[in-house]
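Colleague: All I have is the shape, not the residue letters:
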């Protein structure tokens with residue numbers, strides 16, 4: 001609070017989950033124009049924001065929601081200047097360097113076409129995956145993390161935990177999936193027990209997301225890998241919606257070269273979105289629902305050693321996403337939102353190859369998350385963003401058999417080691433951020449409080465695990481074996497674990513000179 005008073009003359013800095021529109025206004029000779037009025041309007045919601053150029057002819061609009069904006073510039077003695085379709089991206093600064101004309105017969109000048117979004121005002125390195133790419137590029141499993149892998153240095157990672165078989169974790173520059181952090185509308189989306197992403201979001205519920213691979217802000221500096229900032233979609237003044245349906249069936253595909261007969265495989269993906277204004281220019285709502293149903297096959301193959309176990313086993317899977325968001329624009333200075341996310345998973349796993357059906361498991365999980373945020377431009381000098389989030393995660397891994405586990409080079413049967421297993425997490429976050437800047441400095445400072453509680457139960461091998469070093473007939477009394485250690489106490493319960501975390505941070509982006517600008521050049525992924 002003392003620092004905020006000392007820096008009371010600063011302009012607003014940028015909210016990490018929004019974008020900036022900034023630039024300069026000059027006259028026909030190239031001289032800077034002070035006290036020019038600049039107005040920008042969001043083309044989707046109609047929200048209007050006003051600013052005035054400084055003595056150095058600069059203006060800045062911080063904390064703008066991603067989208068397209070029209071700008072109008074007015075100055076005494078000059079024609080009005082209209083700029084259409086400037087695109088603001090999350091975590092990026094869109095530059096508008098404008099030149100006015102002296103007012104003669106022409107009273108207004110219009111400029112069309114999007115301005116360049118080359119970053120000259122920020123030092124972080126990354127890339128924005130905008131709505132157009134989310135909607136148009138093909139995705140095998142409709143997972144946003146597949147598009148994150150188009151960013152240089154970023155790759156998809158194997159599951160970080162058995163409970164995260166289909167969660168979209170990513171790695172950057174060789175780090176593990178546990179070390180990347182994801183933020184949704186400014187709130188952390190992190191699994192406090194296993195690490196990595198806590199819950200996924202339907203691509204239809206995402207407006208855009210920014211993958212930062214290097215030099216992310218101090219607020220998000222706890223990540224050793226990448227930082228992903230997701231902005232969920234909001235409604236607009238015009239009602240809009242869509243539906244989709246995709247299916248795949250083994251009857252429509254050719255037999256695999258190594259298959260003697262086509263295996264069963266059926267996939268259905270369908271969903272719908274709807275958004276619009278409950279009150280024009282003020283209250284907006286958006287809802288997205290998505291359902292995945294799949295019937296695959298687990299092919300058990302012991303190379304003929306145990307032909308009685310060679311078979312094709314049905315492997316069902318279902319997953320549902322629900323995203324809802326309500327935005328309220330009280331006035332140009334204040335906006336609020338409340339959102340809800342649901343991610344449910346129910347599938348059968350770990351069957352195929354040398355693993356018999358009895359060695360498989362079921363994976364069931366439910367994740368709920370709800371958040372509220374309030375952003376207030378207190379004055380042209382101060383911006384405050386505060387909010388709360390609560391998330392709940394409940395996962396259960398259960399074996400398909402409770403028989404003794406036996407492992408041979410060509411066959412694994414019986415209860416899967418590590419099952420049954422269950423994890424429950426409750427994560428509560430309160431945060432407040434203040435943005436300030438003046439001249440060449442842009443400062444963001446704030447703090448957050450996390451209360452995280454979890455309980456976990458798992459089983460190493462309560463019924464004993466037998467490992468055979470060479471194939472032997474089932475039930476052989478003379479086979480070499482190793483008995484794995486059993487759990488020291490019933491159910492291997494870890495009990496309840498709770499943690500309180502308090503974080504404070506200060507971040508300053510300093511533009512040392514007008515002649516020194518950040519220029520982030522992206523090389524092709526195969527360079």
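Modeller: In hand now; what should we look at? Please read these numbers as outputs of a predicted model, since none were measured by experiment. Numbering: from 1, shown residues only.
Colleague: Please tell me the pLDDT value assigned to the residue most central in space within the chain.
Modeller: Centroid-nearest residue in the chain, with CA atoms, centre = their mean: residue 230, separated by 4.3 Å. pLDDT for residue 230: 90.
Colleague: Just to check, it is in contact with residue 186?
Modeller: No - Residue 230 is not in contact with residue 186 according to CB atoms under 8 Å; the separation is 9.6 Å. Just so you know, the C-beta spots here come from the backbone N, C-alpha and C atoms, and that holds for glycine as well.
Colleague: Can you tell me the closest non-neighbouring residue to the residue nearest to the centre of the chain?
Modeller: Spatial nearest neighbour of residue 230, excluding adjacent residues (CB to CB, 6 or more residues apart in numbering): residue 209 at 4.3 Å.
Colleague: how is this protein carved up into domains?
Modeller: Taking automatic domain parsing as the reference, the chain has its domains at 11-111, 125-510.
Colleague: backbone phi and psi for residue 144, please?
Modeller: Phi and psi for residue 144, reported as degrees, to the nearest 10, are phi -60, psi -30.
Colleague: which element is residue 391 on?
Modeller: Taking DSSP states H and E as the criterion, residue 391 maps to strand 382-399.
Colleague: Give me the helices and strands touching that strand, please.
Modeller: strand 58-64, strand 187-188, strand 361-379, strand 421-438 (3 or more CB pairs under 8 Å, 6 or more residues apart in numbering; DSSP states H and E).
Colleague: Can you give the distance of it from its chain's centre?
Modeller: 13 Å (CA atoms, centre = their mean, to the nearest Å).
Colleague: ok, now stretch 172-183?
Modeller: Distance of stretch 172-183 from the chain centroid (CA atoms, centre = their mean) equals 12 Å.
Colleague: List the buried residues of that stretch.
Modeller: Buried residues in stretch 172-183, counted by 16 or more other CB atoms under 10 Å: 172, 175, 177-183.
Colleague: what's the closest of the residues you listed to residue 449?
Modeller: residue 183 (16.2 Å; CB to CB).
Colleague: how near is that closest one to residue 198?
Modeller: With distances taken as CB to CB, to the nearest Å, residue 183 is found 11 Å from residue 198.
Colleague: ok and the strand holding residue 391 relative to strand 421-438, angle-wise?
Modeller: 170 degrees (axes from the mean of the first three to the mean of the last three CA atoms, to 10 degrees).
Colleague: Just checking: what are the partner strands of strand 382-399?
Modeller: Applying DSSP bridges, strand 382-399 is found paired with strand 361-379 (antiparallel), strand 421-438 (antiparallel).
Colleague: List the buried residues in the longest one.
Modeller: Buried residues in strand 361-379, counted by 16+ other CB under 10 Å: 361-363, 365-369, 371, 373-377.
Colleague: re earlier: for the strand holding residue 391, list every residue counted as buried.
Modeller: For strand 382-399, using 16+ other CB under 10 Å, the buried residues are 382-385, 387, 389, 391-393, 395-397, 399.
Colleague: can you check stretch 269-280 too?
Modeller: Those buried within stretch 269-280 under the rule 16+ other CB under 10 Å are 269, 271, 273, 275, 277.
Colleague: Dump these into TSV; add secondary structure as well.
Modeller: TSV is the format used below for the buried residues of stretch 269-280 (DSSP: H, G, I helix; E, B strand; the rest coil):
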residue	secondary structure
269	strand
271	strand
273	strand
275	strand
277	strand
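Colleague: Can you pick out the most distant pair from those residues?
Modeller: Greatest spatial distance among these (CB to CB): 269 and 277, at 29.1 Å.
Colleague: what's the distance between residue 97 and residue 189?
Modeller: 36 Å.
Colleague: quick one, which of those two is more surrounded?
Modeller: Under the criterion of other CB atoms under 10 Å, the comparison of residue 97 against residue 189 puts residue 189 first, with 23 against 13.
Colleague: tell me the contacts of the more buried one?
Modeller: 182-183, 197-199, 230, 369, 391 (CB atoms under 8 Å, 6 or more residues apart in numbering).
Colleague: hmm, 6 Å instead?
Modeller: 182, 198 (CB atoms under 6 Å, 6 or more residues apart in numbering).
Colleague: Now do the phi/psi pair for it.
Modeller: Torsion angles, degrees, to the nearest 10, at residue 189: phi -120, psi 80.
Colleague: returning to what we had before: got the contact list for the residue nearest to residue 230?
Modeller: 129, 228, 230.
Colleague: Secondary structure element holding it?
Modeller: strand 206-214.
Colleague: Now do the buried residues in that strand.
Modeller: Quick answer for strand 206-214 (16+ other CB under 10 Å): 206-213.
Colleague: and those, which two are the farthest apart?
Modeller: Pairwise distances across those (CB to CB) peak at 20.8 Å, for the pair 207 and 213.
Colleague: what's the neighbour count on residue 499?
Modeller: Residues lying near residue 499 (other CB under 10 Å) number 11.
Colleague: Hmm, I typed the wrong one, I wanted residue 94.
Modeller: 23.
Colleague: Same question for residue 240.
Modeller: For residue 240, using other CB under 10 Å, the count is 12.
Colleague: Can you name the residues bridging to it?
Modeller: residue 275.
Colleague: What are the boundaries of the helices in the chain?
Modeller: 2-6, 131-136, 144-148 (DSSP state H).
Colleague: hmm, back to that, now, the buried residues of stretch 172-183 that are in strands?
Modeller: With DSSP state E as the criterion, strands contain 172, 181-183 from among those.
Colleague: Relative to residue 320, which of those is nearest.
Modeller: Nearest to residue 320 among those, with distances taken as CB to CB, is residue 182, at 19.8 Å.
Colleague: any idea how far residue 198 is from that closest one?
Modeller: Counting by CB to CB, the gap from residue 182 to residue 198 is 8 Å.
Colleague: just to revisit the earlier point, dump the buried residues of stretch 172-183 into TSV; add pLDDT and distance to residue 305 as well.
Modeller: Rendered in TSV, the data for those read as follows (pLDDT from 0 to 100; distance: CB to CB, whole Å):
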residue	pLDDT	distance to residue 305
172	80	43
175	77	40
177	75	35
178	79	37
179	78	41
180	82	42
181	84	46
182	87	44
183	90	50
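Colleague: Mind picking the one among the residues you listed that's closest to residue 56?
Modeller: Nearest member of the buried residues of stretch 172-183 to residue 56, counting by CB to CB, is residue 183, at 33.2 Å.
Colleague: Can you tell me how far that closest one is from residue 332?
Modeller: Taken as CB to CB, the span from residue 183 to residue 332 is 25 Å.
Colleague: same check, this time on residue 161
Modeller: 45 Å.
Colleague: Between these two, tell me which one has more neighbours.
Modeller: Taking other CB under 10 Å, residue 161 and residue 332 do not tie; residue 161 has more neighbours (19 against 11).
Colleague: What is the burial count for residue 498?
Modeller: 10.
Colleague: let me redo that: residue 501
Modeller: Count around residue 501 with other CB under 10 Å applied: 12.
Colleague: Quick check: it touching residue 451?
Modeller: No - with contacts counted by CB atoms under 6 Å, residue 501 stays clear of residue 451, the gap being 8.0 Å.
Colleague: Which strand residues bridge the residue lying closest to residue 503 once chain neighbours are set aside?
Modeller: Spatial nearest neighbour of residue 503, excluding adjacent residues (CB to CB, 6+ apart): residue 448 at 5.1 Å. Applying DSSP bridges to residue 448 yields these beta-bridge partners: residue 431, residue 503.
Colleague: quick one: residue 448 from residue 71, how far?
Modeller: 34 Å.
Colleague: For the two, work out which one has more neighbours and name it.
Modeller: residue 71 (24 against 18).
Colleague: any low-confidence regions in the protein?
Modeller: 1-16, 104-125, 215-216, 221, 258-259, 380, 438-439, 460-466, 468-495, 512-527 (pLDDT under 70).
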